[in-house]
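# build me a model from this:
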Amino acid sequence: MAKTILTDEEQVTAHIAKLDAALQPIVEYLRKSILSVDPEIGERIKWNSPSFYYTGEMAGFDPKEYKRDMIVFNLVKGRIMLVFPTGDKVNDASGLLTGDYTDGRRLAVFRDLEDVKNKEKQLHAVIRTWLSLIEK
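Modelled structure (predicted):
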């Protein structure tokens, strides 16, 4: 019997369905919020987590630079973190992005759904800024 291959979106949905029940609505809310910012944001499972990337045209680059990758969930020990692999390029005056990692990543940390909703405007601003920096 042929094996069914899931689309990227179906894989993300299946991944979220396997999460702890308390995390599922928060992750799903963040998922919809991130995707709503721009139609050229895609989703997939990468690094064993839901992740978001730019789907539009870009100038050529070394794939090891991860310039297309925007956000990766990190749900270790029930914490809700969004990792921005190239977040150091975003001038975030709101303070949403934290960390000073030498590899350029920055984190957005959320306690719960209320915290996500309180920080949603800052999250959208960071994503829009990130999108504006893409070399097309």
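# any chance you could map the strands in the chain?
Along the chain, the segments classed as strands by DSSP state E run 41-46, 49-54, 69-74, 80-84, 106-110.
# what sits up against stretch 11-18?
Counting by Cβ atoms under 8 Å, 6 or more residues apart in numbering, stretch 11-18 makes contact with Leu6, Gln24, Val27, Glu28, Arg31, Glu43, Arg44, Ile45, Ser49, Pro50, all of which sit outside it. All C-beta spots, glycine's among them, are computed from the backbone N, C-alpha and C.
# quick one: which of those residues is most hemmed in?
Of all these, the most densely surrounded is Pro50 (26 neighbours; neighbours counted as other Cβ atoms under 10 Å).
# residues contacting that one?
Contacts for Pro50 (Cβ under 8 Å, 6+ apart) come out as Val12, His15, Ile16, Val27, Arg31, Glu43, Arg44, Val72, Phe73.
# quick one: which of those is nearest Asp103?
Within the set of the contacts of Pro50, Val72 lies nearest Asp103; the separation is 12.9 Å, counting by Cβ to Cβ.
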